[in-house]
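J.: I'll drop the sequence and a predicted model, then ask my questions.
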Amino acid sequence: MQNPNILVVDDDKDILKLICMRLTAAGYNTSTANNGAEAMSAIALQRPDLVISDLRMPGMDGMALLDAIQHAHPTLPVMMLTAHGSIPDAVHATQRGVFSFLTKPFDSQELLQQVASALRLSGRQLGADATSDNAWRENIITRSPKMESLLGQAKLVANTDASVFIQGESGSGKELLARAIHHCSARANMPFVAINCGAIPENLLESELFGHHKGAFTGAVNNHIGLFQSAEGGTLFLDEIGDMPQALQVKVLRALQERVIRPVGSTTNIKIDLRLISATHRNLAEEMKEGRFREDLFYRINVVSLEIPSLANRREDISLLANHFLQTFTKKYKKTLAHSFAPDALEILITAPWPGNVRQLQNIIEQTVVLATTQIITENLVQKALQEEANSIVPFDIARQQFEHNYLINLLKATQGNVTQAAKFAQRNRTEFYRLLERHHIQATAFKGAKDNEST
């Protein structure tokens, strides 16, 4: 297993060296930053398990760093060190969410005790069995700090029975996260039952959820146990709950409030004990505004809200996921050759817009494995798979997003990352052009020195 990673932030190099030496001797992995800005860059590159920061630093000080971490990674614990410690500082830091506050010179044993306590809360204590500790999330392939932060929140909420509402684009892995929360909870040995509310005809959805008695309607030739009962003691996952008809929303709200259901055609209530997780790709705030989703149901299902980043927002995961799917489908289709991606093919995958998220990436990799005739998955094979999918009819908004993304990529390739020149070609001012790049999560610096149509 990999020992916990601790990021130490201080503008005093001697202090950095001393703290890292003591942490390393205790078995921890360490990295360092000289100020808050460097620390945020380091966290974006690889999320640590704990941050230990000096309070007083030039530029972004410890409290500003704490605010930035809590905004981007709310479950990442932070400890504070200062040579200027005082009761007001400690109280203020604690109120803002600092895990602990130590003054310099600090006692080594106290430091290690506080570190162990902070890591224990996040389940990453030294000497823990990492394999079993992470078994609940083993199907979620990631190295993204954003995803790690999300999984940290998921693990915290899994220990409760609070209803969870998952937001995310289609194909981003909402059901996968719901299953992970279930497997991490005290209900892990009980059923996990999932239903897509948008995939069941309206006249059948009530029966699927609550069950029915024989003779309740035409075709009801037997008693039928609904999904609420099937999930007894476990977790019920209502995917695409935003597509649920309003008449049924009232009945679901009653079931959650009173913890009872009534099958169609029955006059008897049945008690239920389950944990509800729901998800949608819709904007429920807009749906409520338009009167299509009940506000009281929204607040009942949205005790804890988790948002899965799109694949375009976690591009560091693309090569990891692509290679995972490559191995999976090579084995599935019993290919005799061990496949790998050509560098140009991998570059295309990493820079593609991915409106269909992880599900789309999975489909593309499956297609390339099926059609591959050599060990190397070539650039042309990947490009062909993407073009064939792009040639299918897609919603106008997605088509426009794909065009804009490809247009910006080609501009930056042609100008080798020169934003001023690219903005001039696009007949846009620099500020507007930067906004376009930010909207599509494109870093111009990645194209510095790259020649258009260059092959590696």
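T.: Thanks, I have it.
J.: now tell me which helix or strand of this structure has the poorest mean pLDDT.
T.: helix 130-133 (a mean of 52; mean pLDDT, DSSP states H and E).
J.: packing partners of the helix or strand that comes right after it?
T.: For helix 130-133, the following helix or strand on the C-terminal side (DSSP states H and E) is helix 145-158. Applying 3 or more Cβ pairs under 8 Å, 6 or more residues apart in numbering; DSSP states H and E, one finds that helix 145-158 contacts helix 36-45, helix 62-72, helix 174-184, strand 304-307. No exception for glycine: its C-beta is placed from N, CA and C like everyone else's.
J.: how much space between P58 and F293?
T.: 49 Å (Cβ to Cβ, to the nearest Å).
J.: of these two, which one has the most company?
T.: F293 (22 against 9; other Cβ atoms under 10 Å).
J.: pLDDT below threshold where in this protein?
T.: 1, 84-96, 121-133, 338, 389-399, 449-456 (pLDDT under 70).
J.: who touches the residue sitting furthest away from the middle of it in this structure?
T.: Each residue of the chain has a distance to the centre, and by Cα atoms, centre = their mean the biggest one is for G215: 45.1 Å. With contact taken as Cβ atoms under 8 Å, 6 or more residues apart in numbering, G215 is in contact with G265.
J.: got the phi and psi for it?
T.: phi 80, psi 0 (degrees, to the nearest 10).
J.: A312 and T351, how far apart?
T.: In terms of Cβ to Cβ, A312 sits 10 Å off from T351.
J.: whoops, I270 was the one
T.: Taken as Cβ to Cβ, the span from I270 to T351 is 53 Å.
J.: for T431, same thing?
T.: Between T431 and T351 the distance is 24 Å, computed by Cβ to Cβ.
J.: higher neighbour count, those two?
T.: The residue with more neighbours, out of T431 and T351, is T351; 19 against 8, by other Cβ under 10 Å.
J.: contacting residues around the more buried one?
T.: By Cβ under 8 Å, 6+ apart, the neighbours of T351 are I409.
J.: please shift the residue numbers so they start at 31 in all later answers.
T.: That works, and once the first residue is 31, the last one we named lands at T381.
J.: gap between it and R324?
T.: From T381 to R324 the distance is 42 Å (Cβ to Cβ).
J.: repeat for V290
T.: Following Cβ to Cβ, the distance that separates V290 from R324 is 19 Å.
J.: what are the buried residues along stretch 406-417?
T.: I407, T408, E409, L411, V412, A415, L416 (16 or more other Cβ atoms under 10 Å).
J.: inside strands: which ones of those?
T.: Taking DSSP state E as the definition of strands, these contribute I407.
J.: save the buried residues of stretch 406-417 as TSV, and put in distance to N387 too.
T.: Listed next are these as TSV, based on distance: Cβ to Cβ, whole Å:
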residue	distance to N387
I407	20
T408	24
E409	22
L411	21
V412	17
A415	16
L416	14
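J.: wait, isn't H103 in contact with M70?
T.: No: the pair H103 and M70 does not pass the contact test of Cβ atoms under 8 Å, sitting 9.7 Å apart.
J.: quick one: the strands in the stretch 181-330 of the chain?
T.: Secondary structure of the stretch 181-330 of the chain by DSSP state E, counting those that start in this stretch: the strands cover 194-197, 222-226, 241-242, 254-255, 265-269, 290-291, 300-301, 305-310.
J.: now render these as TSV, adding distance to I394 and mean neighbour count.
T.: Below are the strands of the stretch 181-330 of the chain laid out as TSV (distance: least, Cβ to Cβ, whole Å; neighbours: other Cβ atoms under 10 Å):
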stretch	distance to I394	mean neighbour count
strand 194-197	24	23
strand 222-226	23	18
strand 241-242	40	22
strand 254-255	39	16
strand 265-269	23	24
strand 290-291	42	18
strand 300-301	45	14
strand 305-310	24	26
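J.: so which of those strands comes closest to T62?
T.: T62 lies closest, by Cβ to Cβ, to one member of those: strand 194-197, at 35.6 Å.
J.: tell me how far that closest one lies from the chain's centre.
T.: Centre-to-centre, strand 194-197 and its host chain are 11 Å apart (Cα atoms, centre = their mean, to the nearest Å).
J.: quick one: list the elements packing against it.
T.: Applying 3+ Cβ pairs under 8 Å, 6+ apart, one finds that strand 194-197 contacts helix 204-214, strand 305-310, strand 334-337.
J.: now the first one and strand 305-310, what's the angle there?
T.: Direction vectors for helix 204-214 and strand 305-310, defined by axes from the mean of the first three to the mean of the last three Cα atoms, to 10 degrees, enclose an angle of 160 degrees.
J.: so how far is helix 204-214 off the chain centroid?
T.: A distance of 12 Å separates the centroid of the chain from that of helix 204-214, by Cα atoms, centre = their mean.
J.: ok, and what's touching it?
T.: For helix 204-214, using Cβ under 8 Å, 6+ apart, the contacting residues are 165-167, 169-170, 180-181, 184-185, 187-189, 194, 196, 198, 218, 222, 224, 264-265, 267, 269, 305, 307, 309, 336, 338.
J.: repeat for the last one
T.: With contact meaning Cβ under 8 Å, 6+ apart, strand 334-337 is reached by L180, Q183, A184, V187, A192, S193, V194, F195, I196, Q197, G198, L207.
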